[in-house]
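**Q** here are the coordinates; sequence isn't available:
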């Protein structure tokens, strides 16, 4: 098992250049939440040539729709949602400087190409480990689209948020390579 | 003395509300055992780490009474009701839906139901529940609650095979379904298979098969063998926990069979994620 790499946000080019698929990473700093509906709005803004509600350069977007927070807690359970539904939007956000995304499940060829082109990575968090991941969230505030409820964009302050590198900037894909390694014909 | 046959609607509501929270916070022992066994059996270090996280997650969820997964699911309810049982003070389905409403609010569970599949407006209280009812000759009301996540439900499939496709065709369809699903249903998964009946009934059989505790064998040896064969072929795919590669893609395969038309071989595969949230309560009339 590889050692855990600690990263602080915002990410730099140096950070992502050193990452390879299968690396375990612990993220601290700020990450932004967005899933289906928020992505649709973000990309509509870009298509209209308008400003996004937050500066996404060198930032991380986490695909999540948390459960409601109990009083006194920053957030409810917050595991990743399936990433492929965001695939159609992701290359446009990467082109604007987004440095990483976090979700579960594999990405499309178009996203993998865009990750190479724009030097960005895709992290997998463990789907269904939502209570564990909530422990890493210290603060949460809504940044945009409050009307979307669980789908609003939030700014999360995280400490040691555990992920694994699923797609690096070199075009490698842990889903493909991992499965090929353990497949029995 | 007359047989006691009455059950209060308000009591049903209260019990259903508790089931919703209990299922979402406290993973059952059979699932925990399956996760522990998988941790031991897994050869991939990345996948092993996933199992460790899932066991830790279950512990945190129980201790903090918070949802195991943020997708707290569609409320799927299986009702078994004695033929003589009379619900007083309200109607059965209303009482169940009120229980779901209450449980999802009180438990800070996520509301994931939309009013219309095309207009997509959230109902705001996770109702309506999907309710399946069966009569029994026993004098009780048994309610089983299942929180069914969207990610795994989306990867489920149904086919109307021809009788000539036979056992091999059935196994191939199940394995193919898991292969197509890849990482999306949150493996390690549990695979529910319904064979026979009609188009609709095969799907119900598949879902109901998921209720059987993990680690138990089907009572019919032929079906138990079929389950083993399917499990082996699924785990040969190498998909692994979270699709990152590994030996344990499915923890269990459950098959149910039913009589069908001479021309038909319906097969339904209902995929369930590792956050297998099922709780049952039996109420005795007063």
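**A** Cool, the structure landed. Not measured: the values here are computed from a predicted model.

**Q** So what does the closest residue in space to residue A:31 that isn't next to it in sequence have for phi and psi?
**A** Residue nearest to residue A:31 in three dimensions, not counting chain neighbours: residue A:60, with 4.4 Å by C-beta to C-beta, 6 or more residues apart in numbering or on different chains. Every C-beta, even on glycine, is put in place using the N, C-alpha and C of the backbone. Phi and psi for residue A:60, reported as degrees, to the nearest 10, are phi -120, psi 130.

**Q** Then residue A:144?
**A** According to degrees, to the nearest 10, residue A:144 has phi -160, psi 160.

**Q** can you point me to the longest helix in the chain?
**A** You didn't pick a chain, so chain A it is. helix A:36-47 (DSSP state H).

**Q** wait, I meant chain B there
**A** Across chain B, the helix with the greatest residue count (assigned by DSSP H) is helix B:45-64.

**Q** what residues does the helix or strand just after it touch?
**A** Moving toward the C-terminus from helix B:45-64, the next helix or strand (DSSP states H and E) is strand B:74-82. By C-beta atoms under 8 Å, 6 or more residues apart in numbering or on different chains, the residues outside strand B:74-82 that reach it are B:5, B:16, B:20, B:92, B:96, B:100, B:104, B:112-113, B:126-127, B:129-148, B:150, B:153, B:207-208, B:211, B:285.

**Q** all strands in chain B, in order from the N-terminus.
**A** Taking DSSP state E as the criterion, chain B carries its strands at B:6-8, B:74-82, B:86-88, B:130-136, B:141-148, B:157-161, B:189-197, B:250-260, B:265-272, B:277-283.

**Q** With mean pLDDT added, can I get those strands in CSV?
**A** Listed next are these as CSV, based on pLDDT from 0 to 100:
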stretch, mean pLDDT
strand B:6-8, 96
strand B:74-82, 98
strand B:86-88, 96
strand B:130-136, 98
strand B:141-148, 98
strand B:157-161, 98
strand B:189-197, 98
strand B:250-260, 98
strand B:265-272, 98
strand B:277-283, 98
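
**Q** Report the contact partners of residue A:94.
**A** Residue A:94 neighbours (C-beta under 8 Å, 6+ apart): A:111, A:114-115, A:117-118, A:120.

**Q** Could you report the neighbour count for residue 89?
**A** Since you didn't name a chain, this refers to chain A. 21 (other C-beta atoms under 10 Å in any protein chain shown).

**Q** Hmm, no, I was thinking of chain B.
**A** 13.

**Q** Could I have the ChimeraX command that selects the buried members from the contacts of strand B:74-82?
**A** Selection of buried members from the contacts of strand B:74-82 for ChimeraX, criterion 16 or more other C-beta atoms under 10 Å in any protein chain shown:
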select /B:16,20,92,96,100,104,112,113,126,127,129,131,141,142,143,144,145,146,147,148,153,207,208,285
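
**Q** before we move on, the earlier item: please name every helix or strand in contact with the longest helix of chain B.
**A** Applying 3 or more C-beta pairs under 8 Å, 6 or more residues apart in numbering or on different chains; DSSP states H and E, one finds that helix B:45-64 contacts helix A:130-134, strand A:153-167, helix A:174-182, helix B:9-25, helix B:29-41.

**Q** Switch the ones you listed over to CSV; also include mean pLDDT and distance to residue B:261.
**A** Below are the helices and strands packed on helix B:45-64 laid out as CSV (pLDDT from 0 to 100; distance: least, C-beta to C-beta, whole Å):
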stretch, mean pLDDT, distance to residue B:261
helix A:130-134, 98, 43
strand A:153-167, 98, 45
helix A:174-182, 97, 38
helix B:9-25, 98, 36
helix B:29-41, 98, 35
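
**Q** Could you look over those and pick the most buried one?
**A** Among the helices and strands packed on helix B:45-64, the stretch with the highest mean neighbour count (mean count of other C-beta atoms under 10 Å in any protein chain shown) is helix A:130-134, at a mean of 27.

**Q** Other residues contacting that helix?
**A** A:66-67, A:73, A:75-80, A:125-126, A:161-162, B:53, B:56-57, B:60-61, B:64, B:66-70.

**Q** Pull out the buried members of these.
**A** The neighbour-count test (16+ other C-beta under 10 Å) marks A:66-67, A:75-80, A:125-126, A:161-162, B:53, B:57, B:60-61, B:66-70 as buried among the contacts of helix A:130-134.
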